[in-house]
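[1] Sequence and predicted structure below; questions after.
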Amino acid sequence: MGMLDTIGLIFYVILFIYVAFKFARAIRIVPAQDVYIVERLGKYRTSLYAGFHPLIPFFDNVEYILTLKEEAIDVPSQNCITKDNVLIRVDGIIYMKVIDPYKAAYHVADYRYALIQLAQTTMRAAFGSLELDRTFEERESINAQIVRVVDEAADNWGINILRYEIQNITPPQTVLASMEKQMTAERDKRAVIARSEGDMRSMINRSEGLKQELINKSEGEKQKLINEAEGQAQEVLAIARATAAGIEKIAASIEMTGGRQAVYLSLAQEYLQKIGGIARPENTVILPMDIGSLDDIMKGLDHFAGDKHRG
């Protein structure tokens, strides 16, 4: 066998292997959640989803393999300038999903790279409209703004933007030092306010206690005066009842036989005792202005004595 025959044999062996490889590659089994973009002679033919798919060797070729699963694309950190001219570094993650494989394959060269660039541009614009103090508070609104803008552009690429999350916002070291001092001052301020509020509450509680104590004392004094007044009233009432009972007994005695004469005699004796009490040691005679009243008294005494003698 000559040299030419050896070369020809090698050529036919290589050709056979190539043809066998092509026929083997013509039979494709697509995994779940994947899609194969098939071109025939350089032109889009079809999209193959999960399952068994035979192709025509040498004519059909799988040009793109895409996944229909949700993907997380890391957006590298970049410099952003806030509204108050502070340079910060921001990075994030964008979550997306291919919903139209044809658009994702033919409407954009690299949809991942395009999404990253669009997200970075939108993020710079969003942070440029906010001051540094508000960037930490407006994370949710910035995420929503980036999702809205990127999803609108990605719709032409057959991509659905699910969400965007800002990972880190890193200000310069000088700004971090200033923020730390500000936070320390705020904590000291809150501590002073808390202590003052505690002192105020303590003073209020003490004043409320003194107030309640004074009220209780006044209520006690009031009740004491009421009790004393009621006791005095009961005493006066008892005296009045006793006096009334005595008067009733005297009146009943007067109505009895000789009662009136006994009253006259008692009045005359009391009258004479009072006159005798005001008599002076000198030779002075004190007579009542109404002599007739003395006669009446004496007549009453004589009458009482006569009745007593007759009895």
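    Sure, I can see it. Numbers count the residues shown, from 1 in each chain.

[2] C-alpha only now, for contacts and for neighbours.
    OK.

[3] Output the contacting helices and strands for the helix or strand hosting Ala177.
    Here Ala177 is covered by helix 173-254, with elements defined by DSSP states H and E. Counting by 3 or more CA pairs under 8 Å, 6 or more residues apart in numbering; DSSP states H and E, the packing neighbours recorded for helix 173-254 are helix 259-277.

[4] in the stretch 201-311 of the chain, what spans have low per-residue confidence?
    By pLDDT under 70, the weakly predicted segments of the stretch 201-311 of the chain are 246, 250-311.

[5] Could you report the distance from the most centrally placed residue in the chain to Leu132?
    Among the residues of the chain, the one closest to the centroid is Ala194, at 17.3 Å (CA atoms, centre = their mean). Ala194 sits 28 Å away from Leu132, going by CA to CA, to the nearest Å.

[6] before we move on, back to that, now the helix holding Ala177: how far from the chain's centre is it?
    In terms of CA atoms, centre = their mean, to the nearest Å, the centre of helix 173-254 is set 33 Å apart from its chain centre.

[7] what does stretch 53-64 give?
    On CA atoms, centre = their mean, the centre of stretch 53-64 falls 66 Å from the chain's centre.

[8] Name the residues of it that are buried.
    Leu55, Pro57, Asp60, Asn61, Val62, Tyr64 (16 or more other CA atoms under 10 Å).

[9] Give me the three-state assignment for the second one.
    Recorded secondary structure, Pro57: coil (DSSP: H, G, I helix; E, B strand; the rest coil).

[10] Please apply the same query to the one 5 residues further on.
    The three-state label given to Val62 by three-state DSSP is strand.

[11] Quick check: Leu48 vs Pro54, distance?
    In terms of CA to CA, Leu48 sits 10 Å off from Pro54.

[12] Surely Ile56 and Arg28 touch.
    No - in this structure Ile56 lies outside contact range of Arg28 using CA atoms under 8 Å: 10.9 Å.

[13] shaky segments in the stretch 51-200 of the chain?
    176, 179.

[14] ranges for the strands of it?
    Along the stretch 51-200 of the chain, counting by DSSP state E, counting those that start in this stretch, strands occupy 51-54, 60-67, 71-81, 87-98, 159-170.

[15] Each with direction, which strands does the third one pair with?
    Which is strand 71-81. Sheet pairing for strand 71-81, assigned by DSSP bridges, gives strand 87-98 (antiparallel).

[16] pull the CA atoms of the partner strand into CSV?
    What follows is strand 87-98, C-alpha atoms only, in CSV (Å, rounded to 0.1, in the frame of the first residue of the first chain):
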residue,chain,number,x,y,z
LEU,A,87,-19.3,60.6,45.6
ILE,A,88,-20.6,57.2,46.6
ARG,A,89,-20.2,53.7,45.3
VAL,A,90,-23.3,51.6,44.7
ASP,A,91,-23.8,48.0,43.5
GLY,A,92,-26.8,45.8,43.2
ILE,A,93,-28.4,42.6,41.8
ILE,A,94,-31.0,42.5,39.0
TYR,A,95,-33.4,39.5,38.8
MET,A,96,-34.7,38.7,35.3
LYS,A,97,-36.3,36.0,33.2
VAL,A,98,-36.4,35.3,29.5
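
[17] which parts of that strand are buried?
    Leu87, Ile88, Val90, Asp91, Gly92, Ile93, Ile94, Tyr95, Met96, Lys97, Val98.

[18] Report the beta-bridge partners for Leu66.
    Per DSSP bridges, the residues bridged to Leu66 are Val35.

[19] If you tally nearby residues, what's the number for it?
    15 (other CA atoms under 10 Å).

[20] Pull the contacting residues for Pro101.
    Pro101 makes contacts with Val35, Ile37, Ser47, Leu66, Gly158, as judged by CA atoms under 8 Å, 6 or more residues apart in numbering.

[21] give me the number of residues near Ala105?
    18.

[22] is it true that it touches Thr67?
    No - using CA under 8 Å, Ala105 makes no contact with Thr67, being 11.4 Å away.

[23] Please spell out which residues along stretch 239-251 are buried.
    In stretch 239-251, counting by 16+ other CA under 10 Å, buried: nothing.
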